[in-house]
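1. pasting a predicted model and its sequence here:
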Amino acid sequence: MKKQIRFNGFTLNSVAPHSPGLWRHPEDQGQRHGDLDYWTDMARLLEKGKFDAVFLADVLGIYDVYGDSPDAAIEHAVQVPLHNTLLQISAMAAVTEHIGFAPTYSATYTEPYKLARDFSTLDHLTKGRVAWNIVTSYLKSEAVNLGLGDQIEHDKRYDRADEYMDVVYKLWEHSWEEDAVEANRETGVYSNPDKVHPINHKGDYFSVPGSHLVEPSPQRTPVLFQAGAFEKGKAFAAKHAEALFTTLASDLDELKAFTKEIRERAVDAGREADDIKIFPGIVPIVGRTEEEAQEKYEELLSYVSYEGTAAMLSGHTGVDFSKYDPDQYVEDVTTNASHGFLKKYSSSTTRKWTVREAVLHHGLGIGATKVVGTPEQIADALEAMANEGDADGFNIIQAASPVTFEDFIEHVVPVLQARGSYRTEYEASTLRENLFGAGRVRTSNNHPSKKSVGLYGVNV
């Protein structure tokens, strides 16, 4: 059997999620993002395409690094306005049966006790179709507006997040015994208090003494996505992630090196090499002919906002690119923002990037690989990245919404299905089963969620 490729639809609850300026494209519907029908339509579309999940990115602040002002971000709709990432999920789940939902939530700015409750609730409501994309947040504006004087230093955010995961694992996996809910009408006992345990967590960053508020959900722990790019992030992902999103790999050699390193790190962390599904981001641009696809690509590029993208890239990297000559090469500096985005352009092994080139590349799908061609050519490229580059699947990033998804599902998915490289039906009903195989509803026994405490709340 050929390797099975997987897809997530990558978006964000905003006007032009990851391609500043594309809201002006005549086929773009991003301005409908405040309309619930926009999201239920998208969920149906992606489930029609047999996607694993709707991947919902998020930030909690405005991109205000560029020119030391939020003006460019506001003017060009650079992820602002930006609505809550969780609230549409119940509605999307109600109109679908199989597709999962992977919202981004910050382990820096959400208390673990609250996050555990929110995701357990969603896992119940979706019947086990929820993932959590774990982020530590990179914008200073997030920290300031959420009551901190400044950002927590980059590496410390990851140290703090590691303990955060221990807390939520204790709540999800170890607080309630599987049969704690008795719902016995004769005795009047709904939940047996002897089987609901306080977690008694007291660490360097968090103190959470009590028990989880929610009974065990279908998956208990949601599927765990992460986007760790460099040392701290990769170590965190190797330990915790079940799926990893990356935009770093720009060619097959870089992808092979990246997937090899992540799988080796997973093994070093006591896991199996295939315990992490790796999803590079791509922007597919489909044409009936190669020439038509290239024309569509050039048209999409013409709508990209240079200033808007410069504001986004400045926010991503923590570097104010308004102070740089556009023809100057991007240089590596130490910031508390996303190390991965900066090193993508400052430390590439394949080329040197000028500021202008980096901005133009970043403007269509946050710097992800563009795959431009006929359906057969795009299928060829994806199969090569999966079979030679060892990717497990791809986060499909929109240029224009929802036409990028529509073109891909209508034209590329059938080619992959005919080749036997992509499912024609879902394998199961929960998200973890669809990713890892029927019967694997819960985290694996070698995952740290199973090791964080002894039986029912006793620290080990």
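-> Right, received. Where do you want to start? Here the structure is a predicted model, which means the values were calculated and not measured.
2. in the chain, which helix or strand is least confident?
-> None of the helices or strands of the chain scores lower by mean pLDDT, DSSP states H and E than helix 339-346, at a mean of 70.
3. next SSE downstream of that one?
-> Tracing the chain past helix 339-346, the next element assigned as helix or strand by DSSP states H and E is helix 355-362.
4. E433: which element?
-> Assigned by DSSP H and E, E433 belongs to helix 431-436.
5. remind me which residues of the stretch 151-300 of the chain are low pLDDT?
-> 229 (pLDDT under 70).
6. swap in 90 and give it another go.
-> 151-158, 227-233, 247-251 (pLDDT under 90).
7. that one: helices as residue ranges?
-> 154-169, 231-240, 252-268, 290-303 (DSSP state H, counting those that start in this stretch).
8. go ahead and confirm A358 touches F341.
-> No - with contact defined as CB atoms under 8 Å, A358 does not reach F341; the gap is 9.6 Å. C-beta coordinates here come from the backbone N, C-alpha and C atoms, glycine included.
9. ok, how many other residues are close to F119?
-> F119: 24 surrounding residues under other CB atoms under 10 Å.
10. which residue sits closest to it, ignoring its sequence neighbours?
-> Nearest non-adjacent residue to F119, counting by CB to CB, 6 or more residues apart in numbering: P222, 5.0 Å away.
11. please apply the same query to L82.
-> Nearest to L82 is S14, by CB to CB, 6+ apart, at 4.7 Å.
12. what do you get for E425?
-> Spatial nearest neighbour of E425, chain neighbours left out: K50 (7.3 Å); criterion: CB to CB, 6+ apart.
13. may I have the secondary structure class of the one you found?
-> Here K50 is recorded as coil under DSSP: H, G, I helix; E, B strand; the rest coil.
14. do the same with the one 10 residues further on
-> Going by three-state DSSP, the secondary structure assigned to L60 is coil.
15. for it, what are its contacts?
-> L60 makes contacts with 106, 109, 137, 139, 142, 145-146, as judged by CB atoms under 8 Å, 6 or more residues apart in numbering.
16. can you flag which of these belong to helices?
-> 142, 145 (DSSP state H).
17. which of the contacts of L60 has the most neighbours?
-> Result: S137 is most packed of those (other CB under 10 Å), 25 neighbours.
18. confirm for me that that one is in contact with Y105.
-> No - if you go by CB under 8 Å, S137 and Y105 don't touch, sitting 9.9 Å apart.
19. if we can go back for a sec, and for A358 and F341, which residues touch both?
-> In contact with both A358 and F341: 313, 367, using CB under 8 Å, 6+ apart.
20. ok, N200 to R440 distance?
-> Distance, N200 to R440, using CB to CB, to the nearest Å: 30 Å.
21. need the three-state assignment for N395.
-> Applying three-state DSSP: N395 is strand.
22. what sits against it?
-> Taking CB under 8 Å, 6+ apart, we find N395 in contact with 7-10, 55, 245, 279-282, 368.
23. try 6 Å this time
-> By CB atoms under 6 Å, 6 or more residues apart in numbering, N395 lies in contact with 8, 10, 55, 245, 279, 281.
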